[in-house]
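[1] model this:
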Amino acid sequence: EQSYMESVVTFLQDVVPQAYSGTPPAEEKEKIIWVRFENADLNDTSRNMEFLEIHSTGNEPPLLLMIGYSDGMQVWSIPISGEAQELFSIRHGPVRAARILPAPQISAQKCDNFSEKRPLLGVCKSIGSSGTSPPYCCVDLYSLRTGEMVKSIQFKTPIYDLHCNKRILVVVLQEKIAAFDSCTFTKKFFVTSCYPCPGPNMNPIALGSRWLAYAENKLIRCHQSRGGACGDNIQSYTATVISAAKTIKTGLTMVGKVVTQLTGTLPSGATEEEILAHSNIRRSPLVPGIITIIDTETVGEGQVLVSEDSDSDGIVAHFPAHEKPICCMAFNPSGMLLVTTDTLGHDFHVFQILTHPWSSSQSAVHHLYTLHRGETEAKVQDISFSHDCRWVVVSTLRGTSHVFPINPYGGQPCVRTHMSPRVVNRMSRFQKSAGLEEIEQELTSKQGGRCSPVPGLSSSPSGSPLHGKLNSQDTYNNFTNNNPGNPRLLPLPSLTVVLPLAQIKQPMTLGTITKRTGPYLFGAGCFSIKAPCKSKPAPQISPSKSVGGEFCVAAVFGSSRSWFANNPGLKREKDQSKQFVVESLYIISCYGSLVEHVLEPRPLSTAPKISDDTPLEMVTCPRASWTLVRTPQWNELQPPFNANHPLLLAADAVQYYQYLLAGLVPPGSPGPITRHESYDSLASDHSGQEDEEWLSQVEIVTHTGPHRRLWMGPQFQFKTIHPSGQTTVISSSSSVLQSHGPSDTPQPLLDFDTDDLDLNSLRIQPVRSEPVSMPGSSRPVSDRRGVSTVIDATS
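    You can find the predicted model right below:
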C-alpha cells in the first residue's frame, strides 16, 4: 500500500501538470536515480580568472548540476541570468557515479599528461569499457574535448562513488578507498580499514582541497586526537530514557543501553550485540563511529594503515565522532570544519579540526555543535555549507532539507551573528570592552566547573571557553611556554545544541507548475506555495521503509536567480544580490525539478525585546522553479564539443592560470590575460642562479613614508648616556642625532631636569659625534667605546 507521502507525490504528478501547464499526461519522463551539484572549473571562483573580479563585475559562477538516470546522465548549467543550459546528455546504460574532473595543480616538476584532452569526465557505469568485468567495476575517463576514452581503471569489486579535487581522484569501494594522482592517474595510496555502512552511502568519505576524512573501523589510542564527540547533552537523563522508549524500532534494548551508558557500566561505543556479531567473524571487534582524517599530500605511497605500530605520517586527526556507524560527512569550503552524521540521523555533529604538525595525537578536535534533527530515524544523503559557513543544510532520504545556523568558531547563533550580510567577529565590541570575561572567570573559578551560573553568559558567543577561560595556573603555564591561549590545549569549548530553523519538505514543493520552453528553461515567476516550514505536515509513514519511496535530493547555496528571471527586462544592479542576508537555497529533487528557496532569517517573534543575543527564526518561500528532467524524445548532447562550449572554455582558463601560477610558459593558446612577455623573461631556461641574485637586489616600497617620523614628535627626547654618568640632551629638531666622539671630553650642557623642558624653546648646539655603525660598514665597532643612545618616549 502506498504511504501517505507517495500518494501526495502521485497526486501532484497526476493532477498538477494538467491543471496548471496544460501538458498532456502522456508525456513520460525518464527515471532519475541520483542528483548532485558539482564543483568544477566552470564554477571554481578561486582558479577561474573570470570570477577573480567577482565583486566588481557582478560575474557570478553558475550552478553546475548532474542528473543520473536509469539510462545515462545529464549535466546542466544555471548561470546567474537564470536560463538553464544543457551541457551534456548521454544514454549508455545506468551510471552509478560521475564527476567532471578539475584541472590539476601543476608545477615545474609535475606536468599534466592529459592537458590537451581536458576537461575529463570520470564515469562509473554498469557496462565498463572492457565489457567483460562485473558491473560498476571500472572508472572510465572520457575527454569532453575529443570524445575519446583516455583512461580506464579496473577494480575487482564494485565502485560506490567517485570524489576528486585538483590533486587526486578518489575511488570509493566497499570498505576500501583508492586514490590516484590527478596528472597521471597512477595509484597514489589506498585505505583498506573503512567501517562498513548499511547505506545509502556504503562507504562515506569527505574530500576537502587537501584532507580526506573516512570512517575508520577501530580506535587506535596512540593516534587518538584530543577532543572528539562530547556526550549529546540535548536532554536530561529521564528525557533520554523516555524518548528512547518512544522509539519503537529499537525497543527496550536501547533503553537498557542508554541506562548502562549513562551509569557507566558499559563503555560507550560498541554495544554487546555488535561485539558478539563481529567477534565470530573477526578476532578484533570493529568499533563504529571513528573518523580518521589524512593529509593526501604527506601520506606517502601505498597503503595507509592506522595501527599501533604505524607512525602517524599524514594522519591529521583520529577521533570518535558517534556511537553508531557514520552515514555521511562533509568538509566546509575552508576544510577546517567537518560535519558528520550517523545511521540513526537524530543528531549531526560539527567538529573543528585544529592540527599539530608533529602527530595526530597532539591535534585537537573541538565538538562545536550538535545539530538536533529529531527523534525519528532518517538516513542522511546530502550535506551542504553556505560560502561563509554560517549555514549548513542537511538533506535526508525522506526528501526533507534541514537548515541549521552555525558559526565557524562556535557559540550560540543569534541576531548579531546571522542577521548581517557579513560574518562578524566572535566577540562584539561591547563584549570586548565590558569586562565580561573577568566576571565570568571569577564566577567559574568559584564554581570550580565549566558552567556559568549566569545563563546569558555561557550561551553567548563570548561565553565559549575558547576565549581564554583559563584558570590562573593554565594562564601561567601558557605564559611560561610562550603560548598565548593555544586553542589546542584545554579547556575544550562548550558544546552548543542547535535546532533547525527551517525544514523544507520536497514533495510539497514539486516544481511541476512551470511551462517548458524548448531546451532552454527558466523559472516562471513566483508561484505561491505556502512556506513549508510553517504548516505542520500530516502524520506520515517513513517513505524510506516503503519500496521506491526514497527521495534523492541535493541542495546548494547560491546567489538568487529568481529576481532576474521575473524581471528579464531590467538590468541587474551590482548591489541587487547584496540585499539578502543569506544566499538562496537551491534544491533539486528526484523529479528533476530545481526550486530556488529564499531564506529570510529574523529575530524570534516571541522575544520580548530584540538585542544582539536574541535567537533566530526563519521564513522560507520557493521563488522559482526549473524543470530539468529529460524525456525519451530528448536528443543526446555528446562530445566532442567545439571550443566555445562552457566546460571547455572554463578548462582552458583554469589550465592557463595553473601554468602562470607554476611559472611555466602556457602552451600556444593566448588566454584571457596577455602576460606572456614577462613570464617568458622569468621562466626562460637560462634563468636560475641569476633570478635569486636579482631578487635579492629588489627594494620593495609598500607605502609612502610619513611627513614626520614618529621620533620627530615633541614627546620624544634623546639622551646620550656616558660611562661617567653625565647626560647630554640633544634636541629632537636637529637633523642628525649625534653623540660624543671618543676624543672629546664630555661636558654637561644642561644640569637641570630634562623632563620639564620645552625642547622647542631651547637652542642646544649638538656636539659632533660618530654616526651609528651599520651592518656591513667598514668602521670597526670597537672605536665607539660603549657609547649607547637611549630613546625615551614620554607622552
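
[2] can you map out the strands along the stretch 551-700 of the chain?
    Remark: strands assigned in the stretch 551-700 of the chain by DSSP state E, counting those that start in this stretch are 554-558, 584-588, 593-603, 616-627.

[3] just the buried residues of the first one, please?
    Along strand 554-558, these residues count as buried under the neighbour rule (16 or more other C-beta atoms under 10 Å): 554-558. C-beta coordinates here come from the backbone N, C-alpha and C atoms, glycine included.

[4] and the last one, by the same measure?
    By neighbour count, and taking 16+ other C-beta under 10 Å as the criterion, the buried residues in strand 616-627 are 616-618, 620-627.

[5] stretch 166-185 now?
    For stretch 166-185, by 16+ other C-beta under 10 Å, it's 166-173, 175-183, 185.

[6] so for it, mean pLDDT?
    Stretch 166-185 carries an average pLDDT of 94.

[7] and the end-to-end length of it?
    End-to-end distance of stretch 166-185 (C-alpha to C-alpha, to the nearest Å): 12 Å.

[8] before we move on, the earlier item: in JSON lines, list the strands of the stretch 551-700 of the chain along with mean pLDDT and distance to residue 36.
    Below are the strands of the stretch 551-700 of the chain laid out as JSON lines (pLDDT from 0 to 100; distance: least, C-beta to C-beta, whole Å):
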{"stretch": "strand 554-558", "mean pLDDT": "94", "distance to residue 36": "5"}
{"stretch": "strand 584-588", "mean pLDDT": "94", "distance to residue 36": "8"}
{"stretch": "strand 593-603", "mean pLDDT": "93", "distance to residue 36": "12"}
{"stretch": "strand 616-627", "mean pLDDT": "92", "distance to residue 36": "16"}
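
[9] could I get these as CSV with distance to residue 151?
    Below are the strands of the stretch 551-700 of the chain laid out as CSV (distance: least, C-beta to C-beta, whole Å):
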stretch, distance to residue 151
strand 554-558, 27
strand 584-588, 29
strand 593-603, 32
strand 616-627, 34
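
[10] do you know which of those lies nearest residue 133?
    Residue 133 lies closest to strand 554-558 among the strands of the stretch 551-700 of the chain, at 29.1 Å (C-beta to C-beta).

[11] which residues are in contact with the closest one?
    35-37, 60, 63, 382, 384-387, 391, 393, 395, 401, 582-588 (C-beta atoms under 8 Å, 6 or more residues apart in numbering).

[12] alpha carbons only: can I get that strand in CSV?
    Extracted C-alpha coordinates of strand 554-558, given in CSV (Å, rounded to 0.1, in the frame of the first residue of the first chain):
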residue,chain,number,x,y,z
ALA,A,554,20.6,17.6,-3.3
ALA,A,555,21.0,21.2,-2.1
VAL,A,556,23.4,24.1,-2.6
PHE,A,557,23.6,27.7,-1.7
GLY,A,558,23.9,30.3,-4.5
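
[13] and that strand, which strands flank it?
    strand 584-588 (antiparallel) (DSSP bridges).

[14] quick one: the helices in the protein, in order.
    For the chain, applying DSSP state H gives helices covering 4-20, 54-57, 237-246, 251-263, 272-279, 415-418, 429-433, 436-447, 455-459, 472-480, 562-566, 646-661, 676-683, 689-696.

[15] list only buried entries from the contacts of strand 554-558.
    35-37, 60, 63, 382, 384-386, 391, 393, 395, 401, 582-588.

[16] count the residues that sit near residue 661.
    Close neighbours of residue 661, defined as other C-beta atoms under 10 Å, add up to 12.

[17] would you mind measuring from it to residue 45?
    15 Å (C-beta to C-beta, to the nearest Å).

[18] now swap in residue 154 and tell me
    35 Å.

[19] cool, residue 381 as well?
    26 Å.

[20] neighbour count for the two, which is higher?
    residue 381 (24 against 15).

[21] that one touches residue 589, doesn't it?
    No: the criterion here is C-beta atoms under 8 Å, and residue 381 misses it with residue 589 at 11.8 Å.

[22] hey, what's in contact with both of those two?
    With C-beta under 8 Å, 6+ apart as the test, residue 381 and residue 589 both reach 552-553.

[23] wait, residue 152 sits on residue 124?
    No: Residue 152 is not in contact with residue 124 according to C-beta under 8 Å; the separation is 10.8 Å.

[24] quick one, which of these two is more surrounded?
    residue 124 (26 against 15).

[25] in the sheet, who's paired with that one?
    Assigned bridge partners for residue 124, using DSSP bridges, are residue 97.

[26] hmm, residue 138 and it touching each other?
    Yes: using C-beta under 8 Å, residue 124 is in contact with residue 138, at 7.3 Å.

[27] list residues touching both of these two?
    Joint contacts of residue 124 and residue 138 (C-beta under 8 Å, 6+ apart) are residue 159.

[28] count the neighbours of residue 600 for me.
    Neighbour number of residue 600 under other C-beta under 10 Å is 14.

[29] spell out which residues sit in contact with it, please.
    Contacts of residue 600 by C-beta under 8 Å, 6+ apart are 581-582, 618-620.

[30] out of those, who's nearest residue 209?
    Out of the contacts of residue 600, the member with the shortest distance to residue 209 (by C-beta to C-beta) is residue 582, at 24.1 Å.

[31] which non-adjacent residue is nearest that closest one?
    residue 599 (4.4 Å; C-beta to C-beta, 6 or more residues apart in numbering).
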